[in-house]
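*Asks:* Got a predicted structure plus its sequence, pasted below:
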Amino acid sequence: MGDTERLYRVVITGDNLAPEAMEILSEKCRVVFTGPYPQPSVLAQKLRDEKAHALILRTGKVPAEVVKASPDLKVIAKHGAGFDNIDVQTATALRIPVMTASTANYESVAEHTLGLMFSLAKDIPWLDSRMRQGFWDKTQFRGVELLRKTLGLVGFGRIGRRVHELVAPLQMKVLVFDPFLRDGSLPPMVTLVSQLDELLKAADIVSLHCPLTEQTRNLIGKRELEIMKKSAWLINTARGEVVDEEALIAALQEGKIAAAGIDTFRKEPPETLRRLSEAGKVVLTPHIAAATEEASVRMGIEAAQNVMTILEGKEPDRGSLANPEILESK
């Protein structure tokens, strides 16, 4: 089928999509890639020029000017689970569904969370760097075990639950703070606390798995870091804005907490990279917790399926909608 015979026009912010996902789109869609991280004005112009029916967001942001750019736009699909970089309010006002790949990457993020914990426990990045410089720190090094430590999970959705499953062999005591949960929905051996402070005071490791909302922005700030144990670690594979980055740097420098494993940052790439890396014991990764071959394929397939569901007039999965209220207004 030639381009002129295809029914729908889809813009993707990036330079590729998994072949399995492209196969879903190829029969009925003409696909245009923008390249990674297009500026909103550039993306808006591309949507206007293409008269796009759908946008798949891999990288970048979708403010109101982008949402409004193409009068033919029927769906915005996120190549991932988070949607804080999309103006959902404007999309909802225009009755444009915002779809997420809600089940695609939780395994990869959970495994990365565990990887950051082990990296801190065994100082793997630092020891690797030392050996490459010719040092042999066998007699001086002492790591720590994760066995029977107390893990505090802030947020207990798919990722938090999978982290709990992965640490089960380590016999960790798991505390959960999630105001949307009740005790009855928790697995055995998990304790739900009613106040974040209770978790922060008790946990050896605090791991963040909550979405970015107005309620969670700067959730972990100076006060919260001072409540944590001086021996505690902070792990963030959620969103950078959940943590007050300046307060974290100060807490590490002053020994208020012992270490941090960070995959997400307030601004990416982070302007505070050097200060963070020199603040204390830290392991930093460039927002790649979900960047595995397996998750990339799943995210692409789910995003493509979400696009075709809307374009072909089918009922979307409510659990994948960032704005399910558009269904209620029909």
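*Replies:* Done, it's in. Residues are numbered from 1 along each chain as shown.
*Asks:* Tell me the residue in this protein that is farthest from the middle.
*Replies:* Distance from the centre of the chain peaks at residue 139, with 38.5 Å (CA atoms, centre = their mean).
*Asks:* Do you know the pLDDT at the residue nearest the centre of the chain?
*Replies:* Geometric centre of the chain, nearest residue: residue 238, 4.7 Å, by CA atoms, centre = their mean. At residue 238, the model reports a pLDDT of 96.
*Asks:* buried set for the lengthiest helix in the chain?
*Replies:* Longest helix of the chain, by residue count under DSSP state H: helix 293-311. By neighbour count on 16 or more other CB atoms under 10 Å, the buried set for helix 293-311 is 295-311. Where you see a C-beta, it was placed from the backbone N, CA and C, and this is true even at glycine.
*Asks:* Report the distance from that helix to the chain centre.
*Replies:* Remark: helix 293-311 is offset 17 Å from the chain centroid, using CA atoms, centre = their mean, to the nearest Å.
*Asks:* and if you look at stretch 284-293?
*Replies:* On CA atoms, centre = their mean, the centre of stretch 284-293 falls 9 Å from that of its chain.
*Asks:* repeat for stretch 157-172
*Replies:* 17 Å.
*Asks:* mean confidence for it?
*Replies:* Mean predicted confidence for stretch 157-172 is 96.
*Asks:* List the buried residues in it.
*Replies:* So, applying 16+ other CB under 10 Å, buried residues of stretch 157-172: 157-164, 166-167, 172.
*Asks:* I'd guessed the residue nearest to the centre of the chain sits against residue 262; true?
*Replies:* No - contact criterion CB atoms under 8 Å: residue 238 and residue 262 do not qualify, at 10.4 Å.
*Asks:* picking up where we left off before, quick check: next helix or strand after the longest helix of the chain?
*Replies:* helix 325-328 (DSSP states H and E).
*Asks:* in that next one, what counts as buried?
*Replies:* Quick answer for helix 325-328 (16+ other CB under 10 Å): residue 326.
*Asks:* Check the gap between residue 275 and residue 267 for me.
*Replies:* 13 Å (CB to CB, to the nearest Å).
*Asks:* neighbour-wise, which of those two wins?
*Replies:* residue 275 (15 against 11; other CB atoms under 10 Å).
*Asks:* contacting residues for that one?
*Replies:* Residue 275 makes contact with residue 249, according to CB atoms under 8 Å, 6 or more residues apart in numbering.
*Asks:* Kindly report the same for residue 240.
*Replies:* By CB under 8 Å, 6+ apart, the neighbours of residue 240 are 262, 264-268, 270.
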